[in-house]
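S.K.: Predicted model follows, preceded by the sequence.
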Amino acid sequence: MTAAERLHSLVLNSAGAPQGGVCTAAFSGGADSTALLCCLYDLRSSLGITLRAVHVHHGIRGAEADRDAAFCAALCERLGIPLQTVYVDVPRYAAEHRLSYETAARMLRYEALRQAAPEGTIATAHHADDNAETVLFHLLRGSGTRGLCGIPPRSPDGRIIRPLLDAEKADILRYLQEIGQDFVEDGTNADDSASRNRIRHRLLPLLKTENPAALRHISRCAALLSADDALLSLQADAAYDACRDAAGGGMHGLAAYPQPIRMRVFRRLIAETELLHGARHIDPSFENLSAADALLNTGCGRISLSRDVYAEAYAGILYIRREAVLHESLPLQTGPNRLFADRLCMAEISETAALSRNIHKSDTKSTLDFDMIIGRPYFRVIRGADRIRLPGRDFRTALKKQVQRCVPPPERRSLYALFDECGCIFCERVGIAQRVKPHAETRRLLTLSAFAVLSEETKDTSGKGVSDTWEKIADY
């Protein structure tokens, strides 16, 4: 079998092979990406793909980077492959976000590739040696199964594919030599100050000397661990769904699950909390996950985690969140109202004709007589001087006192309280004021429902059209 036939076979049988449609190759001009581009070009009919290429110029390495861009342009022109060159500023991004050049370049590269290729798949040139380097890198860092799974053939959304993942570097070099295709060398790849380069130049050759099949065996080990991790992740998702309190955001009963399940739930909670605040997600450290687990087992207390995220336990219920108030005062609007970053309150107005006329007989906690609201209602954080007269009472009581009586401590910092011109008329988990309690003559009801936000799918819209918010409600 020729080198070309072997590489073609590996790509065609790869779990990361493109499956028709538009396929954009990430093309740096190095040996790996050049082999990928040429191999996909050879197989474009068999794969049923329309081949394109994107080159990312990172703004580093000076004239060498310009040489790489020119090489990519020339090869794509010769093969008739459409090429888009994208320029990014790695030094500036790295300085702004306090990242290494390597990390900043990787983040900007993937962002640029996704923006330049909005349709189809994006093929990168990761191969078996890269996969082994990744597994060893995480092994030396003391990673769990997630890190030891190596590089997946496809990203979770299916957009990033890696057709060469079963090919070794030697296969790639033999292929290029056989077809007479040159490539460019990135000078930084020879710099052993980077840990990955030391693994590549020193550790992997030793392992291959010990066992020539080392790369294949490491890849098999990673695949087995990946299957195990996928099963544990499914079980963790089920535990998350079973324990999550949609209203308060706490995790009830999580301590009863095995530690591998708990640790994965903690990781998901931390990731969700960071995403809600626009933070760049980095996997939490083992120390932070262990600290959250110890707190859960203790059953009570509070500890600080990464990036202003904290974990708090109360009566065996665990919360992972970040205190953040988005607005000092938030005018009420129908639909979602977002005063806190991790929780929102839905407001709905309805005609009483569509509801039971016995609504006035019950002491509702979240349904108000809309027409009894005075002036423009608004949400804000509870203050020490706030008071409320609850239904059935002839006196006002301190709102904080009622909150302390009804709400667990971790949930008190992000409660929705609604006010009008005459004071508090609603407090989540506490109830409504006497003067807005629905009665037999009520015509319109305002129903408020607060719950934890699990993603950024529900965007805060309170900053748009705030001045006419009340008019929109009044015109209902």
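M.R.: Okay, I see it. Numbers count the residues shown, from 1 in each chain.
S.K.: Tell me how many other residues surround Asn78.
M.R.: That one is not Asn; residue 78 is Arg. 8 (other Cβ atoms under 10 Å). For every residue, glycine as well, the C-beta is placed using N, CA and C.
S.K.: For the stretch 351-476 of the chain, which segments are assigned as strands?
M.R.: Assigned by DSSP state E, counting those that start in this stretch, the strands in the stretch 351-476 of the chain fall at 367-369, 378-380, 387-388, 397-398, 417-420, 423-427, 431-432, 444-452.
S.K.: just so I know, which of these lies nearest Pro284?
M.R.: In terms of Cβ to Cβ, the element of the strands of the stretch 351-476 of the chain nearest to Pro284 is strand 444-452, at 19.3 Å.
S.K.: hmm, back to that, can you redo the strands of the stretch 351-476 of the chain as CSV with distance to Thr352, mean neighbour count and mean pLDDT?
M.R.: As requested, these are exported to CSV (distance: least, Cβ to Cβ, whole Å; neighbours: other Cβ atoms under 10 Å; pLDDT from 0 to 100):
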stretch, distance to Thr352, mean neighbour count, mean pLDDT
strand 367-369, 9, 24, 94
strand 378-380, 24, 21, 95
strand 387-388, 24, 20, 95
strand 397-398, 28, 14, 94
strand 417-420, 20, 23, 96
strand 423-427, 18, 23, 95
strand 431-432, 16, 22, 94
strand 444-452, 6, 19, 91
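S.K.: Of those, which is nearest Asp42?
M.R.: strand 444-452 (51.5 Å).
S.K.: State the paired neighbours of the closest one in the sheet, together with their directions.
M.R.: strand 343-351 (antiparallel), strand 367-369 (antiparallel) (DSSP bridges).
S.K.: Identify, out of those, the most deeply packed stretch.
M.R.: When the strands paired with strand 444-452 are scored by mean count of other Cβ atoms under 10 Å, the highest mean neighbour count falls to strand 367-369 (a mean of 24).
S.K.: rewinding a little: out of the strands of the stretch 351-476 of the chain, flag the one nearest Glu328.
M.R.: So among the strands of the stretch 351-476 of the chain, strand 378-380 is nearest, using Cβ to Cβ, at 6.6 Å.
S.K.: Nearest to Asn189, out of the strands of the stretch 351-476 of the chain?
M.R.: Comparing these by Cβ to Cβ, strand 444-452 comes nearest, at 45.9 Å.
S.K.: Extract the C-alpha set from that closest one and format it as CSV.
M.R.: The C-alpha trace of strand 444-452 is given here as CSV (Å, rounded to 0.1, in the frame of the first residue of the first chain):
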residue,chain,number,x,y,z
ARG,A,444,-56.8,41.8,35.7
LEU,A,445,-54.2,39.6,37.4
LEU,A,446,-50.4,40.0,37.4
THR,A,447,-48.7,36.7,38.0
LEU,A,448,-44.9,36.7,38.9
SER,A,449,-42.8,33.5,38.6
ALA,A,450,-39.1,33.7,39.6
PHE,A,451,-36.6,30.9,38.7
ALA,A,452,-32.9,30.2,38.2
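S.K.: Which residues does the nearest residue in space to Ser304 that is not next to it in sequence form beta bridges with?
M.R.: Nearest non-adjacent residue to Ser304, counting by Cβ to Cβ, 6 or more residues apart in numbering: Tyr310, 5.1 Å away. When bridges are called by DSSP bridges, Tyr310 pairs up with Ser304, Arg321.
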